[in-house]
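Peer 1: For reference, the sequence and a predicted model appear below.
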Amino acid sequence: MNRTPATPALRHAVVVGCGTMGSDVAVVLARGGSRVTLVDAGAARSAAAAERVRGLLPVDRAAGAALDTAATLAEVDWTDVDLVVENVPEELGVKRQVFAELDRLAPANALLTSNSSGIPIREIGSGLAGARRMFGLHFFMPAHLVPLVEVVMGPASDERAAEDLVAWMRGCGSVPVLVRKDLPGFLANRLQHALAREAFALIDDGVASPEDVDAAVRFGFGFRFLAAGPVLQRDHGGLDVHCAAAATIYPSLCSAAVPSRTLQDHVSAGHFGLKAGRGFFVWPPAERQAESERYAGMLRRGLALLADELPAPAAPARKP
């Protein structure tokens, strides 16, 4: 296939679905110098998303950001589109409908990606002619602060195009990882849910409170993850020590195939977390904004600590 140029500068990206996540993804793309068209249901929603994107961009990038809006896919100027990132609701039928339209409208060399957190790209693109140019492109909330992005290959995805997409994301200042098998949860969410399953099992069994589980991660082994991931950290600690510990601990770890009792009870009661005012913890209206600001502030300070190890966004480019 004709591959999209890897550099984000002066490339044209389309973001479909511009809620909080879609807007944050647009920030990442614009940060790298891409021209970005935001598509959402209705001109007012697209315009509001563009305003939010400008407000979140670094000052040196906001003034020169090239942002367009469209109320429908049919309104987009597809002539020079290089990349599409879909952020519509997590419903397979909805995503398949969007991708069928994208496969028809987008130029043959444009990469079509889904920011789905769990639906395999092979299912979204099943039966479509352009499956080779389709990928998962999974960001993590808040996407403009969390550096990681997963480039997920389906069975038909073109590997060289995947490498170009990795380079594009690196040029946007992100840390891309290439996931070569389209497994449920991809890479990071599989690791995250393995930890969460054990955490909730310990709460279910009365071993520790939610507060102590969080403290054990944040101020114990999780604290070290800023300096080294679980593989590198084992080299620091000694593989012999960790292998022996694994032989003792693994047989007793939770292996449940369903969500924990405590988690299911909260969901059944409508306790969805911060957005609902209650989850494992109670969130009065006055505390929700403060917690959101604390959380974002901590992420920004973490970014500052990692600054020397993060890719720098591509230098702003100008059209000749």
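Peer 2: Arrived safely.
Peer 1: make it CA atoms for all contacts and neighbour counts henceforth
Peer 2: Will do.
Peer 1: tell me, what residue is most central in the protein?
Peer 2: The centroid of the chain falls nearest to Phe139 when counting by Cα atoms, centre = their mean (1.2 Å).
Peer 1: what's the strand or helix carrying Val27 packed up against?
Peer 2: Of the helices and strands defined by DSSP states H and E, Val27 is found in helix 20-31. In terms of contacts (3 or more Cα pairs under 8 Å, 6 or more residues apart in numbering; DSSP states H and E), helix 20-31 is packed against strand 12-16, strand 35-39, helix 43-56.
Peer 1: any idea how far Met134 is from Glu159?
Peer 2: 11 Å (Cα to Cα, to the nearest Å).
Peer 1: okay, and the common contacts of these two?
Peer 2: Counting by Cα atoms under 8 Å, 6 or more residues apart in numbering, the contacts common to Glu159 and Met134 are Met153.
Peer 1: Identify each buried residue in the top helix by length along the chain, please.
Peer 2: In the chain, taking DSSP state H as the definition, the longest helix is helix 285-306. For helix 285-306, burial by neighbour count (16 or more other Cα atoms under 10 Å) applies to 288, 303.
Peer 1: Any idea how far it is from the middle of the chain?
Peer 2: Computed by Cα atoms, centre = their mean, to the nearest Å, the chain-centroid distance of helix 285-306 equals 18 Å.
Peer 1: what's the answer for stretch 85-94, then?
Peer 2: Taking Cα atoms, centre = their mean, the mean C-alpha location of stretch 85-94 is offset from the chain mean by 14 Å.
Peer 1: which residue ranges form the strands in the stretch 1-150 of the chain?
Peer 2: With DSSP state E, counting those that start in this stretch as the criterion, the stretch 1-150 of the chain has strands at 12-16, 35-39, 67-70, 81-86, 111-114, 134-139, 148-153.
Peer 1: Gly302 versus the spatially closest residue to Val217 that is not a sequence neighbour, what's the distance?
Peer 2: Sequence neighbours aside, Phe223 is the residue nearest to Val217 in space, at 7.1 Å (criterion: Cα to Cα, 6 or more residues apart in numbering). Phe223 sits 11 Å away from Gly302, going by Cα to Cα.
Peer 1: okay, now His266: neighbour count?
Peer 2: Other residues near His266 come to 15 when the count uses other Cα atoms under 10 Å.
Peer 1: wait, it sits on Gly279?
Peer 2: Yes. Between His266 and Gly279 a contact is recorded at 6.5 Å, counting by Cα atoms under 8 Å.
Peer 1: Mutual contacts of those two, please.
Peer 2: Residues touching both His266 and Gly279 (Cα under 8 Å, 6+ apart): Phe272.
Peer 1: Count residues in the vicinity of Gly32, would you?
Peer 2: 28.
Peer 1: Can you tell me the closest non-neighbouring residue to it?
Peer 2: Nearest non-adjacent residue to Gly32 (Cα to Cα, 6+ apart): Cys172, at 3.9 Å.
Peer 1: Can you give me the neighbour number for the one you found?
Peer 2: Residues near Cys172, counting by other Cα under 10 Å, number 26.
Peer 1: Surely it and Ala26 touch.
Peer 2: No. Between Cys172 and Ala26 there is no contact under Cα under 8 Å: 10.6 Å.
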